[in-house]
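> Got a sequence here, can you model it:
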Amino acid sequence: MLDRENNYTILDLTASSAEGFKFQAMPLLYWEIILFSKENGFNSFDLGGYDREAGEGEKTYNVNKFKERFGGQIVEQPIYSTNRKYVFLRGLLKRMRFMRKWYRKWD
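Presented below is the predicted three-dimensional model:
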């Protein structure tokens, strides 16, 4: 998505194939989009979320490592919602993370 109003680009693509893993297609795809964005005057490219609490062995930890390979900086972007379900679910997810860490101690 090209957001000309806010002058940034984001790739809203989360799936990959075994073929893509084999040829490391995603890093090339992201790099080409970053170059395209720069050539067209965009000042930033959004790689999406970053989990500061991700631990080694978790999927989000590996996602973070992938994103870190491109350099750049992590920017906090607050999420505002008036939907009470969203607020409830975010709180529940935080508690589940705590429970997962607690559960691992017993392994």
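> Identify all contacting residues around stretch 73-91.
Contacts with stretch 73-91, where a contact means CB atoms under 8 Å, 6 or more residues apart in numbering, come from 50, 52. Glycine gets a C-beta too; all of them are placed from N, C-alpha and C.
> can we see that at 10 Å?
Stretch 73-91 is touched from outside by 44, 46-47, 49-50, 52, 64, 67-68, with contacts defined as CB atoms under 10 Å, 6 or more residues apart in numbering.
> now, the most widely separated pair of those residues?
When the contacts of stretch 73-91 are compared pair by pair using CB to CB, the two farthest from each other are 44 and 52, 19.4 Å apart.
> which one of those two has more residues nearby?
Set residue 44 next to residue 52 and count neighbours by other CB atoms under 10 Å: residue 44 wins out with 17 against 8.
> What residues sit buried inside the helix or strand encompassing residue 27?
Taking DSSP states H and E as the criterion, residue 27 maps to helix 25-39. Using 16 or more other CB atoms under 10 Å as the test for burial, helix 25-39 gives 30, 33-34, 37.
> Quick one: list the elements packing against the next helix-or-strand element following it.
Sequence-wise, the next helix or strand downstream of helix 25-39 (DSSP H and E) is strand 44-46. Helices and strands in packing contact with strand 44-46 are listed as strand 8-10, helix 25-39; criterion 3 or more CB pairs under 10 Å, 6 or more residues apart in numbering; DSSP states H and E.
> quick check: mean pLDDT across strand 44-46?
Mean pLDDT, taken over the full extent of strand 44-46, equals 86.
> all numbers from here: first residue = 52
Sure, I'll start counting at 52 from here, so that last one is strand 95-97.
> what's in contact with it?
Applying CB under 10 Å, 6+ apart, the contact partners of strand 95-97 are 52, 54, 57-63, 81, 84-89, 121, 123-124, 126, 128.
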